[in-house]
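Sharing a sequence plus its predicted fold:
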Amino acid sequence: MNVAAAPMGASPHPGSFAAGFAWSFSRDLKLSVRHPGETMLVIAFFVLVASLFPLGVGAEPQLLQRIGPGVIWVCALLAAFLSLPGMFASDYADGSLEQMTLSPLPMPGWASGKIAAHWVATGLPLTVLSPLLGLQYGLTADTLLALACALAIGTPVLSLLGAACTALALGARGGGMLLALLALPLFVPVLVFGAGAAEAQASGLSAAPHLSILGAGLILAVMGLPPAVCAAVRIAMD
Amino acid sequence: MNVAAAPMGASPHPGSFAAGFAWSFSRDLKLSVRHPGETMLVIAFFVLVASLFPLGVGAEPQLLQRIGPGVIWVCALLAAFLSLPGMFASDYADGSLEQMTLSPLPMPGWASGKIAAHWVATGLPLTVLSPLLGLQYGLTADTLLALACALAIGTPVLSLLGAACTALALGARGGGMLLALLALPLFVPVLVFGAGAAEAQASGLSAAPHLSILGAGLILAVMGLPPAVCAAVRIAMD
Amino acid sequence: MNWFFFASPSTFYRLAGRMAPWFFALAAVLGAAGLYVGLVVAPTDAQQGEVYRIIFIHVPASWMSMFIYFVMACYGAVSLTFNTRLAAMMARALAPTGAMFTFVALWTGSFWGRPTWGTYWVWDARITSELVLLFLYFGFIALANAFEDPRRGDRAAALLALIGLVNLPIIYFSVLWWNTLHQGSSVKLTGSTMHIAMLWGMLLMAFSFWMYSIGASLTRVRAIILDRERRTHWVRGLAT
Amino acid sequence: MSAARLSARGLACSRGLARLFRDVSFEVGAGEWLALRGANGSGKTTLLRCVAGLTRVDAGEVFWDGESTRADSGAFRANLLYAGHLPGIKDDLSAEENLQGSLALRGVAVSTKAIEGALAEVGLAKRRRLPARRLSAGQRRRIGLARLALDPAAFWALDEPLTALDDEGQRLFGRLLERHLAAGGLALMATHHDLAPAPARVMRIGE
Amino acid sequence: MSAARLSARGLACSRGLARLFRDVSFEVGAGEWLALRGANGSGKTTLLRCVAGLTRVDAGEVFWDGESTRADSGAFRANLLYAGHLPGIKDDLSAEENLQGSLALRGVAVSTKAIEGALAEVGLAKRRRLPARRLSAGQRRRIGLARLALDPAAFWALDEPLTALDDEGQRLFGRLLERHLAAGGLALMATHHDLAPAPARVMRIGE
Ligand code: HEM
Ligand SMILES: Nc1ncnc2c1ncn2[C@@H]1O[C@H](COP(=O)(O)OP(=O)(O)OP(=O)(O)O)[C@@H](O)[C@H]1O
Ligand SMILES: Nc1ncnc2c1ncn2[C@@H]1O[C@H](COP(=O)(O)OP(=O)(O)OP(=O)(O)O)[C@@H](O)[C@H]1O
Ligand SMILES: [Mg+2]
Ligand SMILES: [Mg+2]
């Protein structure tokens, strides 16, 4: 048998941030397309829970209109939370995370790519679906728009915060509880400003102040969290 | 080296239902004590989400009192749902489920034991905590009692239904979404009657009719679902 | 008669192909008659006016939604116990039609609820359980297709269908067990409390839906058989 | 125990569109072991699972002491010890707890002392309280060896039992197998390596 | 490539209260491979992980081409191919996609044809589109062999590379290793079995 020849020792070109990002982004998206369970779970959860609420609370139009933005935000937050354990756990369990850590591609690159892919597979569908669910609660067009904008800015923050928390909880005993204790409280400010934006709009005020606070949060998170994720992954490997 | 002598061929006594039940019940409880993450996650989720709601919706006492029972039930349901994937997945992944299937202990026995342990680790804490959370919403003592009773009867049904759905979705592609699609709709009747009980009490009516319907559902579930779980596990093994 | 002869997929494929058009034709004829009786012959309702005519779709669709589920579960049980391929394929073929009728029942029901109850939706026991039925159909379809090995999908879905069977008596008897908004049965085996033309209109429509369901599931089962047996000689023979 | 005897007739199984094996028949009597050989992917694992009753066969039947295991598998399962690629070990429990659990699951009551003894034999005396996730690959397999030492099941169905074991571990396994056979047990094992007590017969599949 | 060279000086690592090894020093030059031997649980896996940089050492240092890998591990990681007990294979992706993914992760660009060729060499030609979860134990390991064939990394750190491989697979691995060494590569491998191209040196730990 003739073994395929490999160009021995041709040291691979030193990886760039972009290469790492592209690698994990495309891989994770391919995985979510191949195995859409995770994404679907998040979407199904979001839709079902947002639709269940009226059942639990009773379907008075005024009440629904009043609690609509809050409920949708809480549902989005829970759905995002639900998708967190999957972010690193399976890569950790099957050894892929080891391989990534040892790869010449820079860690912040592939870590960011993973987070971006996570957002595309979960946060984005939530954002896109939110206006439809808002209709159920009889929200007005303005409010729907504010809601969608707030989610578009807020869900990436959730993905980033969530990634840092999951990475920290990796390999720790009682990972689940740790995750809930770490992530949910950190999610609260996002919820407050996100729901605030839609509610301000609903009550005739401008959503802009809330949205700009969210935006500032997003910038902060994009800059600060990926390095934290990397450090946490390294600790988990040991 | 002298290998410990085993009484060769002493065919183990044919297992009884009780032996199977005791085996898996004690084992799964030991695992949740050893690795309390799962239970803690469920509890943390329940408490945090039920406390987040007022943040999302705004904290008007009347509004809270109105939506309280419904919100608490929805939260309990979500928390129970959250704990479902863990029920069989890890045993499936590490080969324990194979061993259980091949064991001489009867399957309905250990399957019921697993379900009971799941309830003790998730449904029971939810039930016990619910009055505390109800206080947050300003519910009266009567309503709190009705709420706890409804949860005490309803959460075992959730565990039983959930077990059947998880077992069915084992080994399926897109397990997560399937689980949401199968389990959440089946949970709806439990939610409707469970929340109904507390709401009836809150509005001065008797919770008894709702509770007896829930009770009937529980009896039906206890009798009918364990065999279904067994059949589903067998299919998953193939 | 040798039933196993018809239980062979290749034989059944041809048989189904020949029978399906007849059922569709029958459905069209009965449907036309039913609509004529329902819309023209039947008198206007004293309390509800013309809007009650939704009944001619709503009730037959509700009946079919339950009946098809029952038949589907029976096929599931047969496929589980005797490990027959065809029964499992029939169960799969029935599910979409059943889901459609369930949806129609829900839709016409809530459409009717607006003028009569003043709301599209209440969490009445019958309505809730009918909604659960719709999700059971969806779950059945999703589960059956969620496995790489179709035989495993068959078995898992059949099991789900059997579990869901408890829902049928709940739908049917819920109006008796709990007094809720939805009205009780007026068509019983022992007699009916309805105007005779209304009754006929409903029965004709029900038979029309029934024939349609048989035709549709036969057509669908042909596609399933082709897909499953695509590597066999007889299917390859069809192509050439 | 009556002279135990396992036989299979006409087993066939296919996966996807690939037919893995068909018309596989064999017999194993008390005190014998049958080696299952074949290239990677030839269907050894699948055959073992079929015999154990985990996977459905397309055709054929397995008999335990002359009775089909399909109808009533109670007697068969009471005598079957199956160990596949997956170890069935809980990472959060210690070696001791894992061993105890898997024996209890088979309905075998063993004293704590016997368990300690068996763990000492397989070299886990010092690590028996450590959560299994901390054990090395070979140490995890050794929990399985301790189980073999304690379980009185007459029929072993093992899939690559030597994986991850060092030389001494392999010899230990050989001794356990010898003792099992001497006591009238029988075994069906898929291996890529040669084993100390030679098999009664070698069955090659996938050729 | 300059003559690659890996050396370690004074490595020590302990786990819990147990000291696994200390003062481990070795050198591997181009064209050589070093066998790591020891009983189960002696610390072979841990040592490999320390060398790769996954686990922190308590003391000591690893040098690649004379430079410490602790400070700047870029050059080292570009030349390191590590394969541990966990295969890093995604069950939902096919063999082809898995292979492509792991090469891309190492920054190696390979044509689809080369990938197909390598999969054919390791005997996965017909199964290359099947999701990896359907593959047999040995077939999964063979994805790893294909990776060895295509990756130009100069240093292989392999943990029990022969696990689950049949005879032909073991010979195939031997040929791959031979070629790697002939091209000036080097390797550090933990094995319980003897391997065809004999190691330059055997290092025993835990004694
Ligand atoms: C979405 C809401 C609804 C659902 C899911 C639903 C469901 C059903 C079902 C399953 C049946 C057949 C059961 C049987 O024959 O006993 C039925 C029958 C019937 N429904 Fe509905 N229904 C809905 C709304 C309504 C509304 C709003 C009305 C009118 C006020 C209505 C009037 C009837 C009548 C008259 C029958 C026939 C009962 C009989 O005479 O046997 N339904 N419905
Ligand atoms: N859906 C499928 N389509 C085609 N082939 C499949 C499918 N599922 C499994 N297979 C094949 O079935 C075989 C299963 O083999 P099995 O695991 O029994 O092999 P084995 O003899 O135990 O191999 P090993 O020595 O590697 O453990 C593999 O060749 C696998 O590729
Ligand atoms: N917390 C701990 N306390 C005590 N010992 C520990 C702890 N964690 C790990 N160990 C021990 O460290 C060792 C790890 O060994 P390692 O996995 O490196 O062994 P190995 O040589 O690869 O063995 P194998 O041949 O079985 O693969 C094991 O003996 C394990 O029991
Ligand atoms: Mg195998
Ligand atoms: Mg090791």
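It's in. Ligands and ions are numbered 1, 2, ... in the order given.

Quick check: the residue of chain C found nearest ligand 3 vs residue B:181, distance?
Residue of chain C nearest ligand 3, by CB to the nearest ligand atom: residue C:148 (33.0 Å). For the C-beta atoms, the positions are set from N, CA and C on the backbone; glycine is no exception. From residue C:148 over to residue B:181 the distance is 19 Å, taken as CB to CB, to the nearest Å.

before we move on, what about residue D:129?
43 Å.

ok, how many other residues are close to residue A:18?
Residue A:18: 12 surrounding residues under other CB atoms under 10 Å in any protein chain shown.

sorry, back to before: higher neighbour count, residue C:148 and residue B:181?
More neighbours surround residue B:181 than the other of residue C:148 and residue B:181, with 24 against 15 (other CB under 10 Å).

For residue D:70, give me its contacts.
D:53, D:61, D:62 (CB atoms under 8 Å, 6 or more residues apart in numbering or on different chains).

what's it sitting at in phi/psi?
phi -80, psi -50 (degrees, to the nearest 10).

again, but for the one 10 residues further on
With angles defined as degrees, to the nearest 10, residue D:80 shows backbone torsions of phi -100, psi 130.

how many neighbours does residue A:42 have?
Residue A:42: 26 neighbours (other CB under 10 Å).

what about it, helix or strand, and which?
Taking DSSP states H and E as the criterion, the element that holds residue A:42 is helix A:37-57.

quick one, helices of the chain?
Since you didn't name a chain, this refers to chain A. Here chain A has its helices, by DSSP state H, at A:17-34, A:37-57, A:61-82, A:89-93, A:96-102, A:107-118, A:124-136, A:141-169, A:175-202, A:208-237.

wait, chain C
C:3-6, C:9-36, C:55-82, C:85-117, C:125-144, C:150-164, C:167-177, C:196-228, C:233-239.

Dump the ones you listed to TSV, plus distance to residue B:81 and mean neighbour count.
Converted to TSV, the helices of chain C look like this (distance: least, CB to CB, whole Å; neighbours: other CB atoms under 10 Å in any protein chain shown):
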stretch	distance to residue B:81	mean neighbour count
helix C:3-6	44	9
helix C:9-36	39	16
helix C:55-82	25	21
helix C:85-117	23	20
helix C:125-144	14	23
helix C:150-164	18	24
helix C:167-177	20	16
helix C:196-228	32	20
helix C:233-239	43	11
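
separation between the closest residue to residue C:198 other than its chain neighbours and ligand 1?
Once flanking residues are discounted, residue C:198 sits nearest to residue C:42: 5.0 Å by CB to CB, 6 or more residues apart in numbering or on different chains. Residue C:42 is 13 Å from ligand 1, where distance means CB to the nearest ligand atom, to the nearest Å.

list the contacts for residue C:42?
C:53, C:56, C:195, C:197, C:198, C:201.

Closest to ligand 4 out of those residues?
residue C:56 (61.5 Å; CB to the ion).

What does the pLDDT read for the residue of chain D at minimum distance from ligand 2?
Closest to ligand 2 within chain D is residue D:16: 2.2 Å, counting by CB to the nearest ligand atom. What the model reports as pLDDT for residue D:16 is 76.

Same question for residue C:192.
In this prediction residue C:192 is given a pLDDT of 59.

rewinding a little: how about the residue of chain C closest to ligand 3, phi and psi?
phi -70, psi -40.

if I pick it, what's in contact with it?
Residue C:148 neighbours (CB under 8 Å, 6+ apart): B:173, D:16, E:131, E:134.

Can you read off the pLDDT for residue 201?
Picking chain A for this. 85.

Can you look at chain C instead?
At residue C:201, the pLDDT value in this model is 90.

Is it in contact with residue C:58, as I believe?
No. Counting by CB atoms under 8 Å, residue C:201 does not reach residue C:58; the two are 12.0 Å apart.

Give me the distance between the nearest residue to residue A:149 once chain neighbours are set aside and residue A:142.
Among residues not flanking residue A:149 along the chain, residue A:211 sits closest, at 6.0 Å (CB to CB, 6+ apart). To residue A:142, residue A:211 is 13 Å away according to CB to CB.

Which one's more surrounded, these two?
residue A:211 (22 against 13).

Let me know the pLDDT of the residue in chain C that ligand 1 sits nearest to.
Closest to ligand 1 within chain C is residue C:109: 2.5 Å, counting by CB to the nearest ligand atom. The score at residue C:109 is 91. That number is its pLDDT.

For residue D:21, list each beta-bridge partner.
As for beta bridges, residue D:21 partners with residue D:13 under DSSP bridges.

Which residues of chain C lie near ligand 2?
Proximity of chain C to ligand 2 is confined to residue C:148 under the rule CB under 6 Å from any ligand atom.

which regions of chain C lie under the pLDDT threshold?
Applying pLDDT under 70 to chain C flags residues C:1-7, C:178-180, C:185-194, C:240.

run the last query once more with 90
C:1-12, C:38-53, C:82-85, C:110-129, C:131-132, C:142, C:145-152, C:166-167, C:169-199, C:227-240 (pLDDT under 90).

show me where chain D has strands.
Remark: strands assigned in chain D by DSSP state E are D:5-15, D:18-29, D:33-37, D:59-64, D:67-68, D:80-83, D:155-159, D:186-190, D:201-204.

Can you give the strand pairings for the shortest one, parallel or anti for each?
Using DSSP bridges, the neighbouring strands of strand D:67-68 in the sheet come out as strand D:59-64 (antiparallel).

Show the average pLDDT along the partner strand.
Across strand D:59-64, pLDDT averages out at 93.

CA atoms only: put it into PDB for me.
Output of strand D:59-64 as PDB, limited to C-alpha atoms (Å, rounded to 0.1, in the frame of the first residue of the first chain):
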ATOM      1  CA  ALA D  59     -32.900 -13.300  11.200                       C
ATOM      2  CA  GLY D  60     -31.800 -16.200  13.300                       C
ATOM      3  CA  GLU D  61     -32.000 -17.000  16.900                       C
ATOM      4  CA  VAL D  62     -29.800 -17.500  20.000                       C
ATOM      5  CA  PHE D  63     -30.300 -20.400  22.400                       C
ATOM      6  CA  TRP D  64     -29.300 -20.600  26.000                       C
END
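
where does the spatially most central residue of chain A land on pLDDT?
Central residue of chain A (CA atoms, centre = their mean): residue A:159, 2.8 Å from the mean position. The model reports residue A:159 with a pLDDT of 94.

Next: residue A:75.
For residue A:75, the pLDDT comes out at 86.

if I read this right, it contacts residue A:46, doesn't it?
Yes. With contact defined as CB under 8 Å, residue A:75 reaches residue A:46; the gap is 5.4 Å.

Can you show me the helices along chain D?
Per DSSP H, chain D carries helices over the ranges D:44-52, D:74-78, D:95-105, D:112-121, D:137-150, D:167-182.
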